[in-house]
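Peer 1: have a look at this prediction, sequence included:
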Amino acid sequence: MKDVKSKNAAPGKQGGLNAEIQSRIGHQLRAMYDDVVRQGVPERFAELIRKLDATEPNPHVGTTGEQDDGRS
Amino acid sequence: MPLTESLRNDILAAVPSLRAFAISLSGNGDRADDLVQETLLRALANIDSFQPGSNLPAWLFTILRNLFRSDYRKRRREVEDAEGSYAKTLKTQPSQNAHLEFEEFRAALDKLPQDQREALILVGASGFSYEDAAAICGCAVGTIKSRVNRARSKLSALLYVEGAEDFGPDDTVRAVIGGSGG
């Protein structure tokens, strides 16, 4: 197990390193995420939302789990 | 509120970010799309409980996050090929270098504890405020801030400090590391 704390412990020594690295991490995280966002809405979901209507109770819902979402 | 045309459009508009969130959490494209589908079905079934004017994406993300966590508990023992499955979901394959860097990042992200990973994604990628992220995760704002900070420092240790010799960081990072080593 690597000891993260000891590497980051020196105060005042890593400000520049941190800023540079944090900016790279932020960039990579958003790049990964935005790759998927740019794929848009797959047809299966567009169709799902089109077909469902609140006035017709959907027989497929409510069968998935023991845990409620705390919203009802 | 009833499912109006405009609400339907808003839900549709949230789908790309829901997928990105699901894939970032699970690392698995097929499973992520199942999660999104389940989220949409739940949301539409419970649309009456959505408060008009409140944050629709946050509401949808909450549902997805809770589904993922209950699902995760069931599946935690399964071994998954997260990287390979994720790569298949990309429509355009990144270049070789970018791909390697991406795989390293993905692997490091997967090493974070669940709480930290979701907090980091919500704040750092989805663009939610700390307050919204706290509401989505059902915890205090201070808790989210601390999880995000710990996630960032752990990622930086995994990617740029611990593995500096192994991965061979690029010149910029090497210079910064060298410069700060004094």
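Peer 2: Arrived safely.

Peer 1: list the buried residues in stretch B:4-22.
Peer 2: B:7-8, B:11-12, B:14-22 (16 or more other C-beta atoms under 10 Å in any protein chain shown). C-betas here are computed from N, CA, C, even on glycine.

Peer 1: how about the helices in chain B?
Peer 2: Secondary structure of chain B (DSSP state H): helices at B:5-26, B:29-45, B:56-75, B:82-89, B:96-111, B:114-124, B:130-137, B:141-156, B:164-167, B:171-181.

Peer 1: so which bits of the third one are buried?
Peer 2: Okay, so that is helix B:56-75. Within helix B:56-75, the residues that count as buried by 16+ other C-beta under 10 Å are B:56-68, B:71.

Peer 1: before we move on, what about the fifth one?
Peer 2: Within helix B:96-111, the residues that qualify as buried are B:101-106, B:108-109, counting by 16+ other C-beta under 10 Å.

Peer 1: close to chain A, is that helix?
Peer 2: Yes - judged by C-beta under 8 Å from any C-beta of the partner chain, helix B:96-111 comes into contact with chain A at B:101-102, B:105-106, B:109.

Peer 1: sorry, back to before: could you dump the helices of chain B into a markdown table with mean pLDDT and distance to A:Leu29 added?
Peer 2: Below are these laid out as a markdown table (pLDDT from 0 to 100; distance: least, C-beta to C-beta, whole Å):
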| stretch | mean pLDDT | distance to A:Leu29 |
| --- | --- | --- |
| helix B:5-26 | 94 | 8 |
| helix B:29-45 | 93 | 16 |
| helix B:56-75 | 88 | 16 |
| helix B:82-89 | 52 | 14 |
| helix B:96-111 | 85 | 8 |
| helix B:114-124 | 97 | 5 |
| helix B:130-137 | 97 | 14 |
| helix B:141-156 | 96 | 8 |
| helix B:164-167 | 46 | 17 |
| helix B:171-181 | 51 | 16 |
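
Peer 1: any chance of a markdown table for the ones you listed, columns distance to A:Arg44?
Peer 2: Conversion of the helices of chain B to a markdown table gives the following (distance: least, C-beta to C-beta, whole Å):
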| stretch | distance to A:Arg44 |
| --- | --- |
| helix B:5-26 | 10 |
| helix B:29-45 | 7 |
| helix B:56-75 | 16 |
| helix B:82-89 | 14 |
| helix B:96-111 | 24 |
| helix B:114-124 | 23 |
| helix B:130-137 | 25 |
| helix B:141-156 | 32 |
| helix B:164-167 | 38 |
| helix B:171-181 | 41 |
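
Peer 1: out of these, which gets nearest to A:Leu48?
Peer 2: helix B:29-45 (5.9 Å; C-beta to C-beta).

Peer 1: does anything pack onto that closest one? Which helices or strands?
Peer 2: Under the contact definition 3 or more C-beta pairs under 8 Å, 6 or more residues apart in numbering or on different chains; DSSP states H and E, helix B:29-45 sits against helix A:43-51, helix B:5-26, helix B:56-75, helix B:82-89.
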